[in-house]
Structure formats: structure tokens, C-alpha cells
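# everything below, folded, please.
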Amino acid sequence: MNTQRAVPVLMYHHVTPAGGAINATPENFESQLQWLKANGYRSLTSDQFAAHLNGEAAPAKSVLITFDDGYLDNYLYAWPLLKKYGFTAMIFLVTSWNQDGPARPLQGADKPDAPDHATCMQRVAQGDFDDVALRWSEIGRMLEGGVCEFHSHTHTHTRWDKTDAVNKNAHMVIELSDSRATLQTRLGQVSDHLCWPQGYFDVDYQRIAVDAGFKYLYTTHAFGMNQPGADPEHIYRFAVRNTHGASVGRRVMIAGNPVVGPLFNRWKLWKRARRQV
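Alright, predicted model coming up:
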């Protein structure tokens, strides 16, 4: 058995009072950060996490905090709390959604609404990206001080395996090229970290991503261990529920434990298989 400690990777989408699916309220998100802080945890940067996967064991109480899609609420609610408690986060951007314009106010009567996920998806489908996604000016502010990093979540977030399966590989080549070009133009750099839209990938997509210059590929698979030397093309993450810090803390401790973690993962996978019979 590999007894090297793993780094839990936490997957968020929204932090907003609006509630709904795949969201943590600001109160619960703060409770989760408070628990991590009180129990001696630290968050890793993408470079530190990459070094861990390349064989350098991270400090025992390490986590990686990630956000998918790049919603406006990440700026309005998550970023101030990350700064308050001294944590960092990786945000995976859908680069066609980000628009120009001044940074919106974080406080006061003019602070914009931060809708729930279902509303965000409706507005994205209508092309109203600016109502729900980060602006480039806000991304620039969030980069200050090294609190947040920004990485690729493709250019349009399209599930090409569902919309044009015959040509999905050609579409993915364009998606990654456009995403990389946008990040390079807007931020002056593009990393080798990529998160798959809605978690879908296959061996063709992995090959295309590596050929495009990506090395670290983030999944939505929860039941695996990100240990030193683990496969960088299959990074495990678990979705954080809208619950208090102690509850998330228990999941973090399990995900990082080199003995309990694998047993828990096998049990969860067994239960999933039983449900599918």
C-alpha cells in the first residue's frame, strides 16, 4: 500500500446567498475556511501542487481549492473570504464568457446580484455572460497579491460529445487553442493546468490536451488519491457541499489519509456499482 499522504482537491462553483445546487453560501464557505485555518491546513498554489504530483511530498495538512467556470460570485463573495483567512484558489475560466468593463462594487447598494446556478446557466444560454461571469477587470483585481490563479476550462464549455460527437475531437482542438490564446493575450501567460467541462473526457481528449501544452488535467472524479507521483492527467476532486466547516473537514481528513482514504474510496465505488446493477 502507498502510505504517502495525498492532497485533497476541493471543487467549488458558486459562493452566493442565492442558494441552490453546487453552491456554498458565504456563511458556510466562511465556516469551511475557518475550520481549515483552525486545524492548521494550508492551501497550495498550482506550482506547489504540480511539484507534489511530480514526487515532492506536500506538507501534511495541505489542500488545493478550485472553482469551476469563473462566476461573478467568486469575486463578490469567495475572493474577500479567501483573503481574510489567508487561502489561495485556482479558478478555471470559460474564456469566451469573460467580458470587458469596470470592476463591479463589492459592497453597498450597487453590489450586483449573484444568481443561483440554474439562473446562471439560463443566462449563459441566452448569451448574457456579463450578468453572471467574471470581467477581465475583476480577474485582474483577484490576481493581486497571489490569492487567486486563473486557468483554462476551455473556451465555450461545450460538451461536444453530446452536440457533435463525430467532430468532437476537432472541436476540442479549437476550444483549447482559443482558450490558451485568450489567456495569453489577457493575462500575459497560460498555464499547463486544464479542467474538463462538466467533467467529461476520454483518451482522445487527453491526447489533444497534452498536444496543446497541458499537463495537469482536473476531473470531477472524487474517489481517488492525489499522492506524490500520481497521474497528472487524472486529478481527483470532490465537490464541496453547502454545509458547515466540520462536515467538510471530515471529508478533507479522509481524502488526505493514506490508509483510510483508499478504504473509503473503495467503499464508495462499491456502493455506486451496486446502485447501477
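
# quick one: classify Asp68 as helix, strand or coil.
Here Asp68 is recorded as strand under DSSP: H, G, I helix; E, B strand; the rest coil.

# so what's the residue count around it?
Neighbours of Asp68 under the rule other Cβ atoms under 10 Å: 27. Using the backbone N, CA and C atoms, a C-beta is placed for each residue, glycine as well.

# got it, and Ala109?
Residues near Ala109, counting by other Cβ under 10 Å, number 5.

# pLDDT at it, what is it?
Ala109 carries a pLDDT value of 95.

# ramachandran coordinates for it?
Main-chain torsions, Ala109, degrees, to the nearest 10: phi -70, psi -20.

# do Arg275 as well
According to degrees, to the nearest 10, the main-chain angles of Arg275 amount to phi -70, psi -30.

# I figured Asn167 hits Val173, correct?
No - Asn167 sits out of contact with Val173 when judged by Cβ atoms under 8 Å, with a separation of 10.1 Å.

# and the two? Which one has more around it.
More neighbours surround Val173 than the other of Asn167 and Val173, with 15 against 10 (other Cβ under 10 Å).

# name the helix or strand for the more buried one, please.
helix 168-187 (DSSP states H and E).

# can you show me the strands along this protein?
For the chain, strands defined by DSSP state E occupy the ranges 9-12, 14-15, 23-24, 42-43, 62-69, 89-93, 148-152, 193-195, 216-218, 238-239.

# out of the ones you listed, nearest to Ala255?
Distance to Ala255, taken as Cβ to Cβ, is lowest for strand 238-239 among the strands of the chain, at 6.3 Å.

# which residues sit against that closest one?
With contact meaning Cβ atoms under 8 Å, 6 or more residues apart in numbering, strand 238-239 is reached by Pro8, Val9, Leu10, Met11, Tyr12, Ile22, Thr220, Ala222, Arg251, Ala255.

# name every strand pairing with that strand and say which way it goes.
Note on strand 238-239: by DSSP bridges, its sheet partners are strand 9-12 (parallel).

# can you add neighbour count and give the contacts of strand 238-239 back as TSV?
Shown next, in TSV, are the contacts of strand 238-239 (neighbours: other Cβ atoms under 10 Å):
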residue	neighbour count
Pro8	24
Val9	21
Leu10	21
Met11	22
Tyr12	23
Ile22	17
Thr220	17
Ala222	16
Arg251	18
Ala255	25
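
# so where's this structure shaky on pLDDT?
Residues of the chain meeting the criterion pLDDT under 70: 1-3.

# at 80 what do you get?
Residues of the chain meeting the criterion pLDDT under 80: 1-4, 277.

# wait, what's in contact with Asn23?
Applying Cβ under 8 Å, 6+ apart, the residues near Asn23 are His13, His14, Val15, Thr16, Asp116, His117, Asn242.

# roughly how far does the closest residue to the second one other than its chain neighbours sit from Pro262?
By that I understand His14. In space, and not counting its chain neighbours, His14 is closest to Asn23: 4.0 Å by Cβ to Cβ, 6 or more residues apart in numbering. For Asn23, the distance to Pro262 (Cβ to Cβ, to the nearest Å) stands at 30 Å.

# turn the strands of the chain into a markdown table, including distance to Gln227.
Formatted as a markdown table, the strands of the chain follow (distance: least, Cβ to Cβ, whole Å):
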| stretch | distance to Gln227 |
| --- | --- |
| strand 9-12 | 12 |
| strand 14-15 | 29 |
| strand 23-24 | 27 |
| strand 42-43 | 18 |
| strand 62-69 | 12 |
| strand 89-93 | 19 |
| strand 148-152 | 22 |
| strand 193-195 | 18 |
| strand 216-218 | 15 |
| strand 238-239 | 15 |
